[in-house]
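Participant: sequence first, then the predicted structure, then my questions.
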Amino acid sequence: MTRRYFIAGNWKMHNNTTETKELLTAMKQNFQNINDSEVMVAPSFTSLQTAKEILEGTQIIIASQDCHSEDKGAFTSAVSCPQLKEFVSHVILGHSERRSVFGDTDIVINKKLKATLAHQLVPVLCIGETLQERESNKTLEILKAQLDGGLAGFEEKDLETLIIAYEPVWAIGTGKTASPQQAQETHEQVRKHLADMYSQEFADKTRILYGGSVKPENVDELMGQTDIDGALVGGKSLEAESFLRIINFKK
Ligand code: 13P
């Protein structure tokens, strides 16, 4: 089964509206997509309107970096799916920084996933182990628990749009990348678990992105791995030239 590549930029807490305009204008002007990948950017909430204006009429997808699980109410500072729907089609959920800094548990992430799907937004569900977990051979156990918890209560038919992003926490923002072989091995295990949870067909069609220090220098080899279907890029998505090179990876 062919899975369309998906290259995404997670801007995290970077870029005001002026910087957003500059970066997206530079990207748009030089945009080419030799691999016909789906391309997504996830700016901060405050830049979503600007991103929407600049990317109007392009194929570039806009995502939010998180959402709240409720539609509305007394949740100071939170942003709901109905609010986000004005700007985005995709939502990143369960990023490791949301998990470790803001305390998002699998139960919270599961509720957010429910809201995302209820509003026909496409979820990009992040999973990943810490260095300590990898070193104590707990990687698979952790990833399985995150998948089981995050996807609890959903049937295969609910998850047709689901995208998974595997981001080893030890590789995020550290310059350390999982080796292509390490990443491939883990992606294969994640896909196997999806097959066990649902079906082989579901596992075969679900895209699994790799994230963690993806850069122009390592993207080609990573994307060359059988079970890696794209990238979730942090730092290098903030530089137009680097991100464009990543989009145009060479297989
Ligand atoms: P870096 O590419 O900066 O390591 O960040 C990865 C990430 O967390 C993307 O969501």
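Facilitator: Sure thing, it's come through.
Participant: show me which residues of the stretch 51-200 of the chain sit near the ligand.
Facilitator: Residues of the stretch 51-200 of the chain lying close to the ligand (Cβ under 6 Å from any ligand atom) are 95, 167, 172-173. For the C-beta atoms, the positions are set from N, CA and C on the backbone; glycine is no exception.
Participant: what's the PyMOL line that selects buried ones from the residues you listed?
Facilitator: In PyMOL, a selection of the buried entries from those looks like this (16 or more other Cβ atoms under 10 Å):
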select buried, resi 95+167+172
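Participant: redo the residues of the stretch 51-200 of the chain next to the ligand as CSV? Include pLDDT.
Facilitator: CSV is the format used below for these (pLDDT from 0 to 100):
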residue, pLDDT
95, 98
167, 97
172, 91
173, 88
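Participant: narrow the residues of the stretch 51-200 of the chain next to the ligand to those in helices?
Facilitator: Here DSSP state H is the test, and these give no hits in helices at all.
Participant: closest one of the residues of the stretch 51-200 of the chain next to the ligand to residue 33?
Facilitator: residue 167 (23.0 Å; Cβ to Cβ).
Participant: who's in contact with that closest one?
Facilitator: Residues near residue 167 by Cβ atoms under 8 Å, 6 or more residues apart in numbering: 95-96, 126-128, 210-212, 232.
Participant: who does the residue lying closest to it once chain neighbours are set aside bridge with?
Facilitator: The shortest distance from residue 167 to any non-neighbouring residue, by Cβ to Cβ, 6 or more residues apart in numbering, is to residue 211 (3.7 Å). Beta-bridge partners of residue 211, counted by DSSP bridges, are residue 232.
Participant: neighbours of the closest residue to the ligand within the chain, how many?
Facilitator: Here the chain gets closest to the ligand at one residue, residue 234, 2.2 Å apart by Cβ to the nearest ligand atom. Residues contacting residue 234 under the criterion other Cβ atoms under 10 Å number 20.
Participant: would you confirm that it contacts residue 14?
Facilitator: No. Using Cβ atoms under 8 Å, residue 234 is not in contact with residue 14; the gap is 9.2 Å.
Participant: and the closest residue to residue 1 other than its chain neighbours, what helix or strand is that in?
Facilitator: In space, residue 1 comes closest to residue 204 once its chain neighbours are excluded; the distance is 4.4 Å by Cβ to Cβ, 6+ apart. Per DSSP states H and E, residue 204 falls inside helix 200-205.
Participant: contact partners of that helix?
Facilitator: Applying Cβ under 8 Å, 6+ apart, the contact partners of helix 200-205 are 1, 3, 156, 159, 191-192, 194-195.
Participant: mean confidence (pLDDT) on that helix, please.
Facilitator: If you average the pLDDT over helix 200-205, you get 98.
Participant: ok, now stretch 209-229?
Facilitator: 97.
Participant: and it, anywhere near the ligand?
Facilitator: Yes. Stretch 209-229 is in contact with the ligand by Cβ under 6 Å from any ligand atom, via 211-214.
Participant: quick one: end-to-end length of that stretch, please.
Facilitator: Stretch 209-229 has an end-to-end distance of 5 Å (Cα to Cα, to the nearest Å).
Participant: I am finished for the moment; much appreciated.
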